[in-house]
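1. need a 3D model of the sequence below.
(one chain, ligands or ions: 4)
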Amino acid sequence: MLNRTGLDGELSVRGFASGSDRLPDAHGQSVAGWHSLGELLNECRQITLFERVRIRSVSASSPGPEASAGCRWSDACESSTDRATLYPPKFEVLAMTAIRWATIGLLGIAFWPLKITPAVEFKKIRLTDTFYAEAAGLGDIDRDGHGDAIYGPHWYAGPDFARQHQIYPPEKFLPQNYSQNFATFVHDINGDQWLDVIVNVWPGKEVFWFQNPGEAGGAWQRHLAYPTVDNESPHLVDITGDGKKELIFHTGGVLGFAGPTDPTGVERWLFHPCSDNGNWRQYQHGLGVGDLNGDGRPDLLMAEGWWEQPAALAATPWQKHPFTFAQEGAQMHVYDVDGDGDGDVITSLAAHGYGLSWFEQIKKDGAIDFIEHAILPAVAEKQLNGVQFSQPHALEVVDVNGDGLKDIVTGKRYWAHGPTGDVDATGPAVLYWFELARGPAAVGTTAVHYSPHLIDSDSGIGTQFVTGDLNGDGQLDIVTGNKKGGFVFLGVPQAL
Ligand SMILES: [Ca+2]
Ligand SMILES: [Ca+2]
Ligand SMILES: [Ca+2]
Ligand SMILES: [Ca+2]
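-> Ligands and ions are numbered 1, 2, ... in the order given. Alright, predicted model coming up:
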């Protein structure tokens, strides 16, 4: 082994992928700190094992910030400077290469079937079998330290969710029909430290927010936030970066967002247009928020492309980047699925049909482009590990098993248009999570793998649901609501 100590030459870790030249590299990053080339190669193995590591730049001559380097199994690590000096004798290289590829081969075979994190199971609690809403929320409504579940007109007090409390006058709906609650969000709108509940009553109709009465108790006062909120998957997120959440939707064919205009939130919220008129309709499917170009500013996504948030928020319209992600998706998410440093897109393809995909961000002629990777096939006859279901009309991207990788939670929207209105309408009302794993990339394949895990087969999803840790045990919980009623799924950690 060649001792690294005393060498001032700058190393670079360069990524190569079979059949691809688009992996990130860290050319020019100072990666001193390894004491030998063997250690460097070992570091590369660690990189390939865990896909992505942080490498601290500790060059004595020029200490710098943390650098990020991503490699994959097929990467090579080499010095770009002083190669002759740094490289060990040939036999050592050959030996290292042989060991490395043997390791790659063995782990490549063994990696996929291995479960390296504890399994996850869920305890199901049925809040009610009455159809009140196709949405759900969670949060500590009464500030007693226990997370509470929100379904339709009621919140259910944790930790047992047995007691229900009214938010607005309840109205029961027939499962053959529709509710007056398609999206539920929980957020402190007026800044009094008590969580309020925000409801989109119907695609294309009002969003109201119900004011938590707080310690004094009593009725929740209803306020109109915005009168016409189009799209079936509106979001409530902080898109402006001021720490306050805004409602993301389109109205009158224009994509944008709206938020409170005064500290009380009671004044009518103002709509901030971000696009030209796209003639989008009331029941438009597919909407998302996330930073796709890595500038730190969340961008907007729809099924037909994404809109780049400008440096000056007021500059409108935002630049549109056309790309067809889906025909009829639901909540669209941006997440670095493959761990290469850029945001990828996760969306269902048909909220009333089949298909769930992630779209890998690539650069094409210097511009952002995407490659689709199917998770659930878009046709009924094909399956993923024997799993297939229709109508993934809501989905969340969240780390279910605590391994640091965000997984996907989705399921079947039960009776979206009644018992006969959709393909396989009477199929099991399933709720699944899809476990993300990353591993060796063979030629022409991706290093990303999803495994479906059934959570429940008699509940499904509606048009929106929520995840979070309700009981503070560190395990992810899920609250859903649809035509079968309202449900809490408490994650129960399992031993390895
Ligand atoms: Ca509570
Ligand atoms: Ca951005
Ligand atoms: Ca990526
Ligand atoms: Ca995970």
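2. what sits against Tyr414?
-> Pro175, Ala429, Ser459, Gly460, Ile461, Gly462, Asn482, Lys483, Lys484 (C-beta atoms under 8 Å, 6 or more residues apart in numbering). Using the backbone N, CA and C atoms, a C-beta is placed for each residue, glycine as well.
3. ok, the closest residue to the second one other than its chain neighbours - contacts?
-> Same thing as Ala429. If the residues on either side of it in the chain are set aside, Ala429 comes closest to Gly460, at 3.2 Å by C-beta to C-beta, 6 or more residues apart in numbering. Neighbouring residues of Gly460 by C-beta under 8 Å, 6+ apart: Gly411, Lys412, Arg413, Tyr414, Ala429, Val430, Leu431, Thr480, Asn482, Lys484.
4. and the third one, how many residues sit next to it?
-> This points to Arg413. 27 (other C-beta atoms under 10 Å).
5. circling back to that earlier point, farthest-separated two in the contacts of Tyr414?
-> Spatially, the most separated pair among the contacts of Tyr414 is Pro175 and Ile461, at 14.2 Å (C-beta to C-beta).
6. which one's more surrounded, these two?
-> The neighbour comparison of Pro175 against Ile461 (other C-beta under 10 Å) goes to Ile461, with 33 against 16.
7. show me what the more buried one is bridged to.
-> Per DSSP bridges, the residues bridged to Ile461 are Arg413.
8. Phe173 versus the residue nearest the centre of the chain, what's the distance?
-> Centroid-nearest residue in the chain, with C-alpha atoms, centre = their mean: Val397, separated by 2.9 Å. Computed with C-beta to C-beta, to the nearest Å, the distance linking Val397 and Phe173 is 29 Å.
9. check Pro153 too.
-> To Phe173, Pro153 is 11 Å away according to C-beta to C-beta.
10. sorry, back to before: who touches the residue nearest to the centre of the chain in this structure?
-> Counting by C-beta under 8 Å, 6+ apart, Val397 makes contact with His333, Tyr335, Ile346, Lys406, Asp407, Ile408, Val409.
11. what about these, which one has the most neighbours?
-> Taking other C-beta under 10 Å as the neighbour criterion, Ile346 ranks highest of the contacts of Val397 with 29 neighbours.
12. wait, that residue sits on Ile408?
-> Yes - using C-beta atoms under 8 Å, Ile346 is in contact with Ile408, at 6.2 Å.
13. okay, and the common contacts of those two?
-> Leu356, Leu395, Val397.
14. and the second one, backbone torsions?
-> Put plainly, it is Leu395. phi -150, psi 150 (degrees, to the nearest 10).
15. can you tell me the helix or strand for the closest residue to it other than its chain neighbours?
-> Excluding its sequence neighbours, the residue lying closest to Leu395 (C-beta to C-beta, 6+ apart) is Thr410, at 3.7 Å. Using DSSP states H and E, Thr410 maps to strand 407-411.
16. Serialize the contacts of Val397 to a markdown table and add fields for distance to Ala216 and pLDDT.
-> What follows is the contacts of Val397, written out as a markdown table (distance: C-beta to C-beta, whole Å; pLDDT from 0 to 100):
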| residue | distance to Ala216 | pLDDT |
| --- | --- | --- |
| His333 | 38 | 98 |
| Tyr335 | 41 | 98 |
| Ile346 | 42 | 98 |
| Lys406 | 39 | 98 |
| Asp407 | 41 | 98 |
| Ile408 | 41 | 98 |
| Val409 | 36 | 98 |
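17. need the residues of this protein near ligand 2, please.
-> In this structure, the chain approaches ligand 2 at residues Asp291, Asn293, Asp295, Arg297, Asp299, judged by C-beta under 5 Å from the ion.
18. next one: Trp202 from Ala133, what distance?
-> Trp202 sits 11 Å away from Ala133, going by C-beta to C-beta.
19. neighbour-wise, which of those two wins?
-> Neighbours were counted for Trp202 and for Ala133 using other C-beta under 10 Å; Ala133 has more, 29 against 18.
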